[in-house]
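Asks: got a sequence here, can you model it:
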Amino acid sequence: MKKNMFFAATFAIIAFLLSCSLDPYGEGLGANSTGGDSSIITTNPGVEINNGGGETNCTKLLSAPYSVSATALSESSIRISWSSVSGADYYNVYYSTTANGTYNYLKNVRSPSITHTDAGLSPSTPRYYKVSAGNNCGESALSSDYDFAKTTCTISATPGGILATGIAQDTIRVTWNPVQNATGYYVYYGSTSSANTSSYKVTGTSFKLYGLSAGSTRYFKVSSYNDCGESAQSNTVSATTCTNPSAPSRILASGQSSSSIRISWNQVSGATSYNVYRSTTSSTSGFTKVGTVSSTSTSYTDTGLSSNQTYYYRVSAVNNCGESALSSDYDLASTICTTINAPANVSAQALSSRSIKISWNPVDGATSYNVYYCTTANGTYQKRGSTSSSTTSYTDDYGLSPATPYFYKVTAVSSCGESALGANIAAATTGN
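Replies: Below is the predicted model of the structure:
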């Protein structure tokens, strides 16, 4: 009985000693550990320790690192460094967005390295960092020492190519060149060159200022912005709302031919083009636009007109703001009426004892033809008949005598009148 009690006491002592050598915390596991395989594990957010499993040789819990330093390297990365801790197997890096906020686990760094680069960040990201040290006994407290850094941020450039233009009586348009990495733009404007009365925030590269009075001048500056801030303002540009041009004066019209009239007028300052209007009456309501010329020209030739016809003309001026009223001044002119030529190649052929056919060449501009005859070549010719402009032959079968010679001439008729009797005489003798 005593022997059994001795062995029980001995085993109890041995078990106690083994538990002390395996785990200084008396739980058979390292501090903050859940046991298991040989790996870095996390039991609390961001806390990692080395749990070897089985026998360990725990020395002592380490003190926290000091001299924590954070330096922004770029728009997306920050470099963290700290002092080395004697006996440390690893370091855990933690971050927070505020100095006294909750620090989140970021990275486990194996000793002897005492740096880490926090990458993949957004521009202008603020971060606070603390570091802990760890060995087989567990992880130290977070360093009381911390440091702050903010990823760099490049402000977008000042816009260039600023252009302001009055495009209507109440509107000015401002445009500029796009800026790389800009999120948007601020347009500053005012009635003085300081251009600081008001501003608008836009995302495109143009802006229209409405509601102005005709002839108003405004000054403009433009800046760009992104997440890093606002650029410097551009140089100042200005523009004046446009006004419609005044109407041209001294309208002059003159007939050039039987189908054309030339119109001229005085030049208008600021005009970019002119419109020419025509009517067959002087009434202001009857004018229709017939042509447009550039600002470099102050004349226009109206073609395709009817012969011997009177036309009235007015002219307007145009600029980028709009069109003037039609000129109060107008002029009228008539197309020139040129006497038409007599037909050529007149010929006559007897068809019977009492009929003769007369033929001729067509004449441009003719509206009809008249046929004349005489019983002698040099006698007095009398009108025998007429044809339309589409008919170039005529059959004379009225009151002719058999076996009698007849002589014929043909005239052409237009809106300007009748041609002279041509020198071309055609003769034929009726049959027996």
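Asks: what is the one helix or strand residue 208 maps to packed up against?
Replies: Secondary-structure assignment from DSSP states H and E places residue 208 in strand 206-209. For strand 206-209, the contact count by 3 or more C-beta pairs under 8 Å, 6 or more residues apart in numbering; DSSP states H and E identifies strand 171-175 as packing neighbours. C-betas here are computed from N, CA, C, even on glycine.
Asks: sheet-wise, list the partners of the following helix or strand past the strand it packs on with their directions.
Replies: Sequence-wise, the next helix or strand beyond strand 171-175 is strand 184-190, with elements assigned using DSSP H and E. The strands beside strand 184-190 in its sheet (DSSP bridges) come out as strand 198-202 (antiparallel), strand 217-226 (antiparallel).
Asks: for strand 184-190, which positions count as buried?
Replies: 185-190 (16 or more other C-beta atoms under 10 Å).
Asks: and if you look at stretch 201-213?
Replies: Of the residues in stretch 201-213, those with enough neighbours to count as buried (16+ other C-beta under 10 Å) are 205, 207, 209, 212.
Asks: okay, stretch 391-400 in PDB with CA atoms only?
Replies: Output of stretch 391-400 as PDB, limited to C-alpha atoms (Å, rounded to 0.1, in the frame of the first residue of the first chain):
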ATOM      1  CA  THR A 391     -42.200  73.600-134.000                       C
ATOM      2  CA  THR A 392     -39.700  74.500-136.700                       C
ATOM      3  CA  SER A 393     -41.900  73.900-139.800                       C
ATOM      4  CA  TYR A 394     -45.000  75.300-141.300                       C
ATOM      5  CA  THR A 395     -47.300  74.200-144.200                       C
ATOM      6  CA  ASP A 396     -48.700  77.000-146.300                       C
ATOM      7  CA  ASP A 397     -51.900  75.700-147.900                       C
ATOM      8  CA  TYR A 398     -54.200  78.600-148.000                       C
ATOM      9  CA  GLY A 399     -55.000  80.400-151.300                       C
ATOM     10  CA  LEU A 400     -52.000  79.300-153.300                       C
END
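Asks: state the mean pLDDT of it.
Replies: Throughout stretch 391-400, pLDDT has a mean value of 95.
Asks: what does it contact?
Replies: Residues lying outside stretch 391-400 but in contact with it, judged by C-beta atoms under 8 Å, 6 or more residues apart in numbering, are 343, 351-362, 369, 371, 373, 384-385, 387, 406, 408, 410, 430.
Asks: just the buried residues of those.
Replies: In the contacts of stretch 391-400, the ones that pass as buried (16+ other C-beta under 10 Å) are 343, 354-356, 358-360, 369, 371, 373, 384, 387, 406, 408, 410, 430.
Asks: which ones among these map onto strands?
Replies: Judged by DSSP state E, those include 356, 358-359, 369, 371, 373, 384, 387, 406, 408, 410 as members of strands.
Asks: which one of the residues you listed is nearest residue 201?
Replies: For those, the minimum distance to residue 201 (C-beta to C-beta) is 79.9 Å, reached by residue 369.
Asks: tell me who's in contact with the closest residue in space to residue 184 that isn't next to it in sequence.
Replies: Nearest residue to residue 184 in three dimensions, chain neighbours excluded: residue 203, at 4.6 Å (C-beta to C-beta, 6 or more residues apart in numbering). Listed by C-beta under 8 Å, 6+ apart, the contact partners of residue 203 are 183-185.
Asks: in contact with residue 286, which residues?
Replies: With contact taken as C-beta under 8 Å, 6+ apart, residue 286 is in contact with 279-280.
Asks: look up the pLDDT of residue 424 for me, please.
Replies: 88.
Asks: what about the strands in the stretch 151-300 of the chain?
Replies: Here the stretch 151-300 of the chain has its strands, by DSSP state E, counting those that start in this stretch, at 163-168, 171-175, 184-190, 198-202, 206-209, 217-226, 229-230, 237-240, 252-255, 261-264, 273-279, 288-294, 299-302.
Asks: out of those strands, nearest to residue 316?
Replies: Proximity of these to residue 316 was assessed by C-beta to C-beta; the nearest stretch is strand 273-279, lying at 4.7 Å.
Asks: what about that closest one, average pLDDT?
Replies: Rounded mean pLDDT across strand 273-279 is 97.
Asks: and what of stretch 300-313?
Replies: Mean pLDDT, stretch 300-313: 92.
Asks: cool, stretch 165-185 as well?
Replies: The average pLDDT within stretch 165-185 is 94.
Asks: put the alpha carbons of it into PDB.
Replies: As requested, the backbone C-alpha atoms of stretch 165-185 are provided in PDB (Å, rounded to 0.1, in the frame of the first residue of the first chain):
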ATOM      1  CA  THR A 165     -16.100  83.300 -77.300                       C
ATOM      2  CA  GLY A 166     -19.400  85.200 -77.400                       C
ATOM      3  CA  ILE A 167     -21.700  82.800 -79.300                       C
ATOM      4  CA  ALA A 168     -25.100  84.600 -78.800                       C
ATOM      5  CA  GLN A 169     -26.500  87.800 -77.500                       C
ATOM      6  CA  ASP A 170     -26.700  86.300 -74.000                       C
ATOM      7  CA  THR A 171     -24.100  83.600 -74.000                       C
ATOM      8  CA  ILE A 172     -20.300  83.100 -73.800                       C
ATOM      9  CA  ARG A 173     -18.700  79.800 -74.300                       C
ATOM     10  CA  VAL A 174     -15.300  78.900 -72.600                       C
ATOM     11  CA  THR A 175     -13.200  75.900 -73.700                       C
ATOM     12  CA  TRP A 176      -9.800  74.500 -72.600                       C
ATOM     13  CA  ASN A 177      -7.500  71.500 -73.200                       C
ATOM     14  CA  PRO A 178      -8.100  68.400 -71.100                       C
ATOM     15  CA  VAL A 179      -5.700  67.800 -68.100                       C
ATOM     16  CA  GLN A 180      -4.400  64.300 -67.400                       C
ATOM     17  CA  ASN A 181      -5.500  62.900 -64.000                       C
ATOM     18  CA  ALA A 182      -7.900  65.700 -63.400                       C
ATOM     19  CA  THR A 183     -11.300  64.700 -61.800                       C
ATOM     20  CA  GLY A 184     -12.900  68.000 -62.900                       C
ATOM     21  CA  TYR A 185     -12.500  71.700 -63.400                       C
END
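Asks: flag every buried residue along it.
Replies: Neighbour counts using 16+ other C-beta under 10 Å place 166, 168-169, 171-172, 174-176, 179, 182, 185 of stretch 165-185 among the buried residues.
Asks: I am finished for the moment; much appreciated.
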